[in-house]
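Asker: need a 3D model of the following:
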Amino acid sequence: MSKLKRDRPTIGILPGWSGLAGIIPDRYLASVLAGIQSAAQIRECHILLAWGLGRVTDPSGTFPAWPVTSPDSDFVPVGPWNTEGLIVFAPLRHEERSRYLQELSHQGYPILFIATGEREPMISVDNESGIRKAVAHMVEHGHRRIAFIAGDPNDQGDSKLRLHAYYLAMREHGLEIDPGLVIQGWHTYLGGYEATRKLIDSGSKFTALVASDDNCAIGAMKAILDKGLRIPHDMAIVGFDDQPDAVAQVPPLASIHVPLTLIGEQALTMMFDHITMNRRLESVRIPTRLIPRQSCGCIPQVVSSAGKGESQSPLPVSPSKPAEHEIQLIKKQLVNEMVAMLPHASRFPYGERTNRLCTDLIDAFYTSLQEGDRLQFQTTLMDFLYGLEMADEKTDPWQEIISALRREMTQLPVEWERAEIQSLAQDMLHQARAAIIESTQRQDYRHQYQREIMSQALSELTARLNVTLDKREAVAALDAHLTTIGVRHVRIALFEPEADDPVAWSVLLHSDQKLTNYRFATREFPPSTFYPQDELLNLALVPLVFQDEPLGYVAFDAGNLGPCAIIARQLAATFKASDLHAQVVELSLTDPLTGIYNRRYFDLFLSNEIRQSQRFGHALTIIMIDIDHFKEYNDSFGHPAGDKALQLVAMCLRKGRRHADVLARIGGEEFALILPETGIVGAVEVAERIRAAMIAASDLKHPLTLSMGVSTLGGDNLAADVLIQQGDLALYEAKRAGRNRICVFESKSSVNESGFPEND
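Answerer: Numbering: from 1, shown residues only. Down below sits the predicted model:
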């Protein structure tokens, strides 16, 4: 095993498009990612996911999060510098991005693609077989005019292969290929919607539609219904991928099933084994199967399977009671039948527990039949459902388990010829179905309740961020809502450029005003201090982008990707507003020529310092400063030279002041310095340093000197107008006494060029 960048392997995930673009979530990416995350948890490796935000003005998803800065992608630090391998979702549809990965691969860095369209090794699905099954199924329903919504014409992978398979399937069945019935849908909801509307509006006659993916198909269903047509009576439809949203449509969408979670599991496992055991990365093709549902005109599978009461694969049962090992064999075969009915996502990563649950259910069912008492089965069933609900696993797929048990139950060696046994078995299965339905309803209510809480929390967070102009306050607001939103932790980093690298450094934002924002090299993300050493990282890095301007990125815990887009977009808008506000404030409070504060800021700061001094009883001092004979200098050498002289004076004032002192230009050649918690002695020391810096200045047409008036007040007697008036009087005294000197108001004495007080 090669040297790891952390305590265990870190695998990066790079989708070739934005997972957060468009108006509906990308269930394809989310489903495959769920498999990746489950497998990573079992194998205890870290995941860094580049989760693109896209552009609000461009729903195509062509702005992915990517490890290279470019105008058509958003940089996030997920790359060869902080991972041991990359799993990349194809297609990339971008020559430079493809070339970047090819160069990494040539350097020996491991890359595994999901889907076709790029180079091997890859995990792909049997596109041709899937499309052929879809077309054949439509033909079985009597359709002859079958339209096709293709994917992206620039995608040389899945989109191209599925379109080609459609043409082959139509020829196989002797059907006419009408070019007017083939249209691009771009594998997006909007693409499918617009494509179907065009097909219908064109007047082309067709009664069935095959879509290159479910996103297109779902958009097509909306277009069909908007046109006042019925599915499947007026138009039947089949999708591809069998994404989770397929079954949620009305009517449910028939689709070519692709085991998306399994693909994710297999991709992670292959990459992990390559990193840890140097196993070769090889291409794998995943088979597909048709899932008929109402959109194609079929009866729902759960209904049809529940209606099959006879045993599908009966085992011979001897007249005498079989031996115990034979009974156990029968039970094991029943368990296998039941588990096979579950979707793969429900079997993984809890395969061992799933087998145990099915075994317990079979044992209880058999015991209740033998004893003629349903109590054992009822108790086991309720415990079983309770365990699923506590783990927040879906219970509705277990209806298929009951259907499988009903079909195969006669394999169990009980007296089936007795009517009471048959009645007891049917009653227990009916109760099981009712219990599962009730459990599913509870889950739905619970999830709806949780969604409402999360929605309210997001609404409150958005409201707070909308009125926040301070970045630390924004981070504090996010921290306060994290738990309710359902996100375990978040880290927010802003970019700092260096030379020609706009993302060289990252600055981690803290909500605590007492802490300094942490700065680190961006490509060293995550620093060792970010997360506990024993924590298994499952992070989604989402770009912070305002319009087309990259600001930084947010590292979310990837256990709940739902609110990521909303939070990232709102944070970007808040941070940009904060920057713009700061710029406006800076412009309104800064002198444009010298770059120091202006009279407005001087007045604001002085008022605040007076309140602080009155509260704590500290002294407060100001130094009023004027350039001697500046009008003559300006008249002699011109305004440009005068401007440069003012800038040089400001530089000398900065050099002589202390860090806490506030410098302002309050007039043409007049400046002022506020010295918090400072008495006369300290103020005179600062004034002397300023005068020394001015005397040493050489970049002038003619030497210039400064006259300074010092005024100090303390306690309850502090007042801004009094302090300024006394400072001005001291300044006038310095001017009257011959200029180039410091005059302190209280003693009405001046300090000569040597720095010693003298009577005037």
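Asker: please make it C-alpha for all contacts and neighbour counts, starting now.
Answerer: Noted.
Asker: so where do the strands sit in the stretch 101-250 of the chain?
Answerer: Using DSSP state E, counting those that start in this stretch, the strands of the stretch 101-250 of the chain run over residues 111-114, 122-125, 146-150, 182-184, 208-211, 236-241.
Asker: between those, which gets nearest to Ile690?
Answerer: Ile690 lies closest to strand 111-114 among the strands of the stretch 101-250 of the chain, at 62.2 Å (C-alpha to C-alpha).
Asker: list the buried residues in the closest one.
Answerer: Ile111, Leu112, Phe113, Ile114 (16 or more other C-alpha atoms under 10 Å).
Asker: so what's the first one closest to, chain neighbours aside?
Answerer: Looking back up the chat, that one is Ile111. Leu86 (4.9 Å; C-alpha to C-alpha, 6 or more residues apart in numbering).
Asker: how about the one you found, what does it touch?
Answerer: If you count contacts by C-alpha atoms under 8 Å, 6 or more residues apart in numbering, Leu86 has them with Ile11, Gly12, Ile13, Leu14, Gly79, Pro80, Pro110, Ile111, Leu112.
Asker: and if you look at Asp392?
Answerer: Under the contact definition (C-alpha under 8 Å, 6+ apart), the residues listed for Asp392 are Gln443.
Asker: mind saving the C-alpha coords of stretch 639-647 as PDB?
Answerer: Taking Å, rounded to 0.1, in the frame of the first residue of the first chain, the C-alpha atoms of stretch 639-647 are listed here in PDB:
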ATOM      1  CA  HIS A 639      -1.100  70.600  -7.600                       C
ATOM      2  CA  PRO A 640       0.400  67.300  -8.700                       C
ATOM      3  CA  ALA A 641       3.500  67.900  -6.600                       C
ATOM      4  CA  GLY A 642       1.200  69.100  -3.800                       C
ATOM      5  CA  ASP A 643      -0.800  65.900  -4.000                       C
ATOM      6  CA  LYS A 644       2.400  63.800  -3.800                       C
ATOM      7  CA  ALA A 645       3.500  65.900  -0.800                       C
ATOM      8  CA  LEU A 646       0.200  65.200   1.000                       C
ATOM      9  CA  GLN A 647       0.600  61.500   0.300                       C
END
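Asker: regarding this protein, what is its longest helix?
Answerer: Counting residues, the longest helix found in the chain (DSSP state H) is helix 419-466.
Asker: could you pull up the mean pLDDT of that one?
Answerer: Across helix 419-466, the average pLDDT comes to 89.
Asker: isn't Lys655 right up against Arg691?
Answerer: No - applying C-alpha atoms under 8 Å, one finds Lys655 not in contact with Arg691, separated by 10.4 Å.
Asker: who has more neighbours out of those two?
Answerer: Arg691 (23 against 15; other C-alpha atoms under 10 Å).
Asker: show me what contacts that one?
Answerer: Contacts of Arg691 by C-alpha under 8 Å, 6+ apart are Thr705, Leu706.
Asker: related to what we said a few turns ago, can you list the buried residues of strand 111-114 in JSON lines and add distance to Pro397 and pLDDT?
Answerer: Formatted as JSON lines, the buried residues of strand 111-114 follow (distance: C-alpha to C-alpha, whole Å; pLDDT from 0 to 100):
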{"residue": "Ile111", "distance to Pro397": "35", "pLDDT": "97"}
{"residue": "Leu112", "distance to Pro397": "32", "pLDDT": "98"}
{"residue": "Phe113", "distance to Pro397": "30", "pLDDT": "97"}
{"residue": "Ile114", "distance to Pro397": "27", "pLDDT": "97"}
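Asker: what's the closest of those residues to Val710?
Answerer: Distances from Val710 to these, taken by C-alpha to C-alpha, are shortest for Ile111, at 70.1 Å.
Asker: follow-up on the earlier one: okay, the buried residues of strand 111-114 in a markdown table with distance to Leu357 next?
Answerer: Below are the buried residues of strand 111-114 laid out as a markdown table (distance: C-alpha to C-alpha, whole Å):
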| residue | distance to Leu357 |
| --- | --- |
| Ile111 | 38 |
| Leu112 | 35 |
| Phe113 | 36 |
| Ile114 | 33 |
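Asker: which one of those residues is nearest to Arg418?
Answerer: Ile114 (54.8 Å).
Asker: wait, that closest one touches Met122, no?
Answerer: Yes - contact status for Ile114 versus Met122: in contact at 5.5 Å, counting by C-alpha under 8 Å.
Asker: returning to what we had before: out of the strands of the stretch 101-250 of the chain, which is closest to Val68?
Answerer: strand 111-114 (16.0 Å).
Asker: so what strands line up beside that closest one?
Answerer: strand 85-89 (parallel), strand 122-125 (parallel) (DSSP bridges).
Asker: export it to CSV, keeping only CA atoms.
Answerer: Output in CSV follows, covering the C-alpha atoms of strand 111-114 (Å, rounded to 0.1, in the frame of the first residue of the first chain):
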residue,chain,number,x,y,z
ILE,A,111,-8.9,7.1,-11.9
LEU,A,112,-12.1,5.1,-12.3
PHE,A,113,-15.0,6.3,-14.5
ILE,A,114,-18.7,5.7,-13.8
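Asker: show me what contacts Val258?
Answerer: Val125, Phe240, Asp241, Asp242, Ile286, Pro287, Thr288, Arg289 are the contacts of Val258 under C-alpha under 8 Å, 6+ apart.
Asker: could you rerun that using 6 Å?
Answerer: Asp241, Thr288 (C-alpha atoms under 6 Å, 6 or more residues apart in numbering).
Asker: ok, and the closest non-adjacent residue to Glu44?
Answerer: Nearest to Glu44 is Leu536, by C-alpha to C-alpha, 6+ apart, at 6.8 Å.
Asker: measure that neighbour to Gly559 for me?
Answerer: 12 Å (C-alpha to C-alpha, to the nearest Å).
Asker: strands along the stretch 251-400 of the chain, start to end?
Answerer: Using DSSP E, counting those that start in this stretch, strands in the stretch 251-400 of the chain cover 254-257, 284-286, 289-291.
Asker: which of these is buried the deepest?
Answerer: Compared across the strands of the stretch 251-400 of the chain, strand 254-257 shows the largest average neighbour count, a mean of 26 (mean count of other C-alpha atoms under 10 Å).
Asker: from the chain's centre, how far out does it sit?
Answerer: Centre-to-centre, strand 254-257 and its host chain are 29 Å apart (C-alpha atoms, centre = their mean, to the nearest Å).
Asker: perfect, that will be all.
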